[in-house]
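[1] my questions concern the predicted model and sequence given below.
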Amino acid sequence: MHFRGVVLPGDDVRDLWVADGRVTFEPVPGAPTVTGSGWIVPGLVDAHCHVGIRFGGGHEDRDGALAQAETERDAGVLLLRDAGSPIDTRFVDERPDLPRIVRAGRHIARPKRYIRDLGIDLEHEEQLPEAVVEQARRGDGWVKIVGDWIDREIGDLRPLWNDRVLKEAVEAAHDNGARITAHVFGEHALPGLIEAGFDCLEHGTGLTDETIAAMVAHGTALVPTLINIDTFPAIAADAGRFPVYAEHMLDLHRRSRETVGKAHEAGVPVYVGTDAGGGIRHGRVADEIAALREAGLSAHDALGAASWNARPWLGHRNVEQDAAADFVVYDRDPREHPDALTDPRWVVLRGEVVRAPR
């Protein structure tokens, strides 16, 4: 197949061909032209989603998980980092028309310190390094722990782990070829996670100038999931027994855009993740890109956080010579017309057209 258009992140009109599932800029004789114009974007990324968690809560079945993956694909998302799933989704890999998934195994938490039945609950925090090894072997190069959650005895967000065991967990992940990330909402857990050497933080709403500087020093990435943070007011409204926690969540929400903007400006790598699954429906990558723009990222940087910057971070190439042909074509420049992201014209995955104009 032959495509012609502006290949982002550049601004030049280029001709590219797809042959044997890969991109080439060398002409392929006889290849039919699919489109002679448009904006060609490396396949979009949702770096925090949950294929296998049903919307509204609970475990998804096989058909439901496949439908979730189909929804992401039709939104132009061709690479997912599944940041914790209660089911084994390897069966998705059997469908070449569905997005590539980088898995982080199951959430690792403590009893009554996370959403029931989704994660692995450890009775003793000293079990964390061993559990990290197990999930590193179950995943695709990532492990996910719950760094903080409401402590009902205190009535507010508190860390789940001590600093020493966090460092041991990081060493266990790295020794087993995995990177490690953590769910974290509040302020208290952040110093221990960052100093322990976590590769990434999810949400990060409690970041301060000091912990942002520490993230920069350690090279820690951030996936803020802003459209999920927008559910904090509803969480607070349901937290009547815990007024301190409720007010804390409202405060974290109020300053969430400012916090992400500060982190990006300071040099923290920021990537797009929607937290789809559970409380967020799949296929909302365009909304998260828009939220990053509200946080102060430029149109170019916000889209890059969901495409050409995020893909190498997860070990996948962009639209380059001999790279896998995973890209999306839009009628309009999605940096200048963000609504174009909601309606991809062509979606190409593994060298095959998986979505075409209706």
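    Perfect, I can see it now.

[2] and residue 286, what element?
    helix 285-294 (DSSP states H and E).

[3] list the buried ones in that helix?
    Using 16 or more other CB atoms under 10 Å as the test for burial, helix 285-294 gives 285, 286, 287, 288, 289, 290, 291, 292, 293. Yep, even glycine has a C-beta here, placed from its N, CA and C like the rest.

[4] pick the one among the residues you listed closest to residue 120.
    residue 288 (27.3 Å; CB to CB).

[5] quick one: contacts for that closest one?
    46, 225, 226, 227, 272, 273, 274, 306 (CB atoms under 8 Å, 6 or more residues apart in numbering).

[6] by neighbours, which of those wins?
    residue 46 (32 neighbours; other CB atoms under 10 Å).

[7] list the contacts for it?
    72, 77, 79, 80, 81, 272, 273, 274, 276, 285, 288, 306.

[8] show me where the stretch 151-300 of the chain has strands.
    Secondary structure of the stretch 151-300 of the chain (DSSP state E, counting those that start in this stretch): strands located at 156-159, 179-184, 200-203, 221-223.

[9] partners of the second one, with directions?
    Partner strands and pairing direction for strand 179-184 (DSSP bridges) are strand 142-146 (parallel), strand 200-203 (parallel).

[10] now that strand: mean pLDDT?
    Average pLDDT, strand 179-184: 98.

[11] and that strand, how far out from the chain middle?
    Put simply, strand 179-184 sits 12 Å off its chain's centre (CA atoms, centre = their mean, to the nearest Å).

[12] winner for burial among the strands paired with strand 179-184?
    Compared across the strands paired with strand 179-184, strand 142-146 shows the largest average neighbour count, a mean of 28 (mean count of other CB atoms under 10 Å).

[13] who's in contact with that one?
    81, 83-84, 102-110, 113-114, 119, 128, 132, 135-136, 160-161, 169, 173, 178-183, 202.

[14] quick one on the thing from earlier: out of the buried residues of helix 285-294, who's nearest residue 315?
    Within these, the smallest distance to residue 315 is 19.2 Å, found for residue 285 (CB to CB).

[15] show me where the protein has its helices.
    Here the chain has its helices, by DSSP state H, at 62-74, 128-138, 163-175, 190-196, 209-218, 226-229, 232-237, 243-254, 256-266, 285-294, 299-304, 310-313.

[16] so which bits of the second one are buried?
    In this case it means helix 128-138. Applying 16+ other CB under 10 Å to helix 128-138 flags 128, 129, 131, 132, 133, 134, 135, 136 as buried.

[17] hmm, the last one is touching residue 179, no?
    When you say that, I think you mean residue 136. No - assessed by CB atoms under 8 Å, residue 136 is found out of contact with residue 179, at 9.3 Å.

[18] mutual contacts of the two, please.
    By CB under 8 Å, 6+ apart, the residues touching both residue 136 and residue 179 are 143, 173.

[19] closest one of the buried residues of helix 285-294 to residue 253?
    Nearest to residue 253 among the buried residues of helix 285-294, with distances taken as CB to CB, is residue 291, at 12.2 Å.

[20] next up, the contacts around the closest one.
    Contacts of residue 291 (CB under 8 Å, 6+ apart): 226, 227, 230, 257.

[21] please apply the same query to residue 263.
    Counting by CB under 8 Å, 6+ apart, the residues that residue 263 touches are 204, 207, 212, 215, 222, 224, 270.

[22] pLDDT score for the fourth one?
    Residue 215 is assigned a predicted lDDT (pLDDT) of 98.

[23] burial measure for the closest residue to it other than its chain neighbours, as a count.
    Counting by CB to CB, 6 or more residues apart in numbering, residue 268 is the residue found nearest to residue 215 once chain neighbours are left out, at 4.9 Å. By other CB under 10 Å, the residues close to residue 268 number 23.
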